[in-house]
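Peer 1: Show me how the following folds:
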Amino acid sequence: MDLNSGSTSPVLTDNTRLGIHSGLLPYSHSGSAFSPLFLTIPRKRPGLLDDVKSSLLDTMISSSPTHNKLLKDANNETAQSDADLAYRNWMCKYPSALASFEQIAKSANGKRIALFLDYDGTLSPIVDNPDNAFMSNAMRVAVRNVAKYFPTAIISGRSRDKVYEFVGLTELYYAGSHGMDIMGPVSPSHGDSTNCIKSVDKNGKEVNLFQPASKFLPLIDEVHKSLLEITKDIVGAKVENNKFCVSVHYRNVDQKSWSIVGDAVLELLKGYPRLRLTHGRMVLEVRPVLDWHKGKAVEFLLKSLGLTNCDDVLPIYVGDDRTDEDAFKVLREGNRGYGILVSPMPKESNAFYSLRDPSEVMEFLNALVMWKKKSVV
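Peer 2: Alright, predicted model coming up:
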């Protein structure tokens, strides 16, 4: 398979009338979890584009944590009680990784843990300005400590350079742009040497750079410039170039203008059949049409580390966003390890366990370190 192919429009995997992949819809309440939003834009059938725009706006609203009905009424004691009850019931299906730590540790006995972490909302809090998503010093210490005992990688939608700037730890492996830009260990067993180039990290250690979407760079730069121009008059909109994808943040946009943001992105993408639209937490993301995602990045890194097809390996992935579901799914389907969803509210997921917020993530990382120290004594 040529990962760089993408000269045709995306192929839908369902038969919906609107031409929208099921991932465009909010999290299912029936128990199944959806893949990230995957949208094709009708070019010939009049009237369908309005339906697509309407569906996108519905998704933007429903997937916004700050507009969740129970959270909007958080000052209402009854509503807050209902929210707490809903969360406790939800945790029966996705138990706390802290409360279940003994069970996780039992599964890890005699195995090598490989740890994968999202950044925004996992290691750092979600903030209004994405440029200010700094991790705390205490979290940095926790991540550094856990990386002493387990191979650890951060897989983010941000550019790899941006994530490294935030984290600043040379002990880790970094994958940016949803895994389309990976700095990993040198391994002779890479299945796709075409997209691998030798480089050196901040310590001068030889590493591999894996960039399966490299031929899309000019296209991404072009779309980034266009999105800057068409959103410049939308108050609160922020466009971020993450190298192999472009993010359009609408967290600080008045909800009345969200449709303007969505319409602008959709109209632009009509002219770019090699790009697709995905949706994260309060952000629209333009990515290459490429069979690559965070789950593929996990598989690539495990292979690079020599940890595939091994019965003594336990991968753990911690993330909070819709885009992390691909990684959760890879671990669940292969019965390889555990996905841990970071969320303060109920939502369907492919994860096994849950944590409420970054403070609980830090507590979990510290618990891993303490467990490992005791096990080697």
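Peer 1: Show me the shaky parts of the stretch 101-250 of the chain.
Peer 2: By pLDDT under 70, the weakly predicted segments of the stretch 101-250 of the chain are 187-194, 203.
Peer 1: for it, what spans make up the helices?
Peer 2: Applying DSSP state H, counting those that start in this stretch to the stretch 101-250 of the chain gives helices spanning 101-108, 137-149, 160-167, 217-231.
Peer 1: Can you mark which positions in stretch 329-347 are buried?
Peer 2: For stretch 329-347, a neighbour-count test (16 or more other CB atoms under 10 Å) marks 329-332, 336-344, 346-347 as buried. In this view, the C-beta of every residue, glycine as well, is placed from N, C-alpha and C.
Peer 1: Among these, which pair sits farthest apart?
Peer 2: R336 and P344 (27.1 Å; CB to CB).
Peer 1: Which of the helices of the stretch 101-250 of the chain sits closest to P185?
Peer 2: Here helix 137-149 is closest among the helices of the stretch 101-250 of the chain (CB to CB), at 13.2 Å.
Peer 1: so what does that closest one touch, helix or strand wise?
Peer 2: Counting contacts by 3 or more CB pairs under 8 Å, 6 or more residues apart in numbering; DSSP states H and E, helix 137-149 packs against strand 112-117, helix 358-376.
Peer 1: Please identify the pairing partners of the first one and their relative orientation?
Peer 2: Strand 112-117 has the following sheet partners, assigned by DSSP bridges: strand 152-155 (parallel), strand 313-319 (parallel).
Peer 1: three-state assignment of Y272?
Peer 2: coil (DSSP: H, G, I helix; E, B strand; the rest coil).
Peer 1: Likewise for A99?
Peer 2: coil.
Peer 1: Could you report the neighbour count for it?
Peer 2: Look at A99: counted by other CB atoms under 10 Å, it has 11 neighbours.
Peer 1: ok, now which ones touch it?
Peer 2: Counting by CB atoms under 8 Å, 6 or more residues apart in numbering, A99 touches no other residue.
Peer 1: Would you mind measuring from it to M91?
Peer 2: To M91, A99 is 8 Å away according to CB to CB, to the nearest Å.
Peer 1: follow-up on the earlier one: so which of the helices and strands packed on helix 137-149 comes closest to L268?
Peer 2: strand 112-117 (32.3 Å).
Peer 1: which parts of the closest one are buried?
Peer 2: Buried residues in strand 112-117 (16+ other CB under 10 Å): 113-117.
Peer 1: Could you pull out the strands in the stretch 151-300 of the chain for me?
Peer 2: For the stretch 151-300 of the chain, applying DSSP state E, counting those that start in this stretch gives strands covering 152-155, 173-176, 181-185, 196-200, 206-210, 238-241, 246-249, 275-280, 283-288.
Peer 1: What would the fifth one look like as PDB? C-alpha coordinates only.
Peer 2: By that I understand strand 206-210. The C-alpha trace of strand 206-210 is given here as PDB (Å, rounded to 0.1, in the frame of the first residue of the first chain):
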ATOM      1  CA  GLU A 206      20.500   8.700  16.100                       C
ATOM      2  CA  VAL A 207      16.800   8.400  15.500                       C
ATOM      3  CA  ASN A 208      14.400   7.800  12.600                       C
ATOM      4  CA  LEU A 209      12.000  10.400  11.300                       C
ATOM      5  CA  PHE A 210       8.900   8.800   9.900                       C
END
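Peer 1: mind listing what's buried in it?
Peer 2: Buried, per 16+ other CB under 10 Å, within strand 206-210: 207-210.
Peer 1: ok, of the buried residues of strand 112-117, which one's closest to T152?
Peer 2: Checking the buried residues of strand 112-117 one by one against T152 (CB to CB), the nearest turns out to be L115, at 4.5 Å.
Peer 1: partners of S96 in the sheet?
Peer 2: Applying DSSP bridges, one finds that S96 bridges with S354.
Peer 1: how about it, what does it touch?
Peer 2: 353-356, 360.
Peer 1: Apply 10 Å and report the result again.
Peer 2: 340, 353-356, 360, 364 (CB atoms under 10 Å, 6 or more residues apart in numbering).
Peer 1: count of residues packed around M370?
Peer 2: Neighbour tally, M370, other CB under 10 Å: 13.
Peer 1: Against K106, how distant is it?
Peer 2: For M370 relative to K106 (CB to CB), the value is 15 Å.
Peer 1: Please apply the same query to S257.
Peer 2: Computed with CB to CB, the distance linking S257 and K106 is 51 Å.
Peer 1: neighbour-wise, which of those two wins?
Peer 2: The residue with more neighbours, out of S257 and K106, is S257; 14 against 9, by other CB under 10 Å.
Peer 1: Just give the closest residue to the more buried one, not the sequence neighbours.
Peer 2: I234 (5.9 Å; CB to CB, 6 or more residues apart in numbering).
Peer 1: ok, back up a step: turn the buried ones among the contacts of S96 into a named PyMOL selection, would you?
Peer 2: This is the PyMOL syntax for the buried subset of the contacts of S96, where burial follows 16+ other CB under 10 Å:
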select buried, resi 340+353+354+355+360+364
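Peer 1: give me the number of residues near the closest residue to R287 other than its chain neighbours?
Peer 2: Nearest non-adjacent residue to R287, counting by CB to CB, 6+ apart: C245, 4.4 Å away. Other residues near C245 come to 27 when the count uses other CB under 10 Å.
Peer 1: Now C245: phi and psi?
Peer 2: Here is the backbone geometry of C245 (degrees, to the nearest 10): phi -150, psi 160.
Peer 1: go on, Y87?
Peer 2: Y87 adopts backbone torsions of phi -70, psi -40, taken as degrees, to the nearest 10.
Peer 1: got the end-to-end distance for stretch 284-302?
Peer 2: 29 Å (CA to CA, to the nearest Å).
Peer 1: before we move on, the earlier item: could you dump the strands paired with strand 112-117 to TSV with distance to E222?
Peer 2: Shown next, in TSV, are the strands paired with strand 112-117 (distance: least, CB to CB, whole Å):
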stretch	distance to E222
strand 152-155	26
strand 313-319	30
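Peer 1: Fine by me, we can end here.
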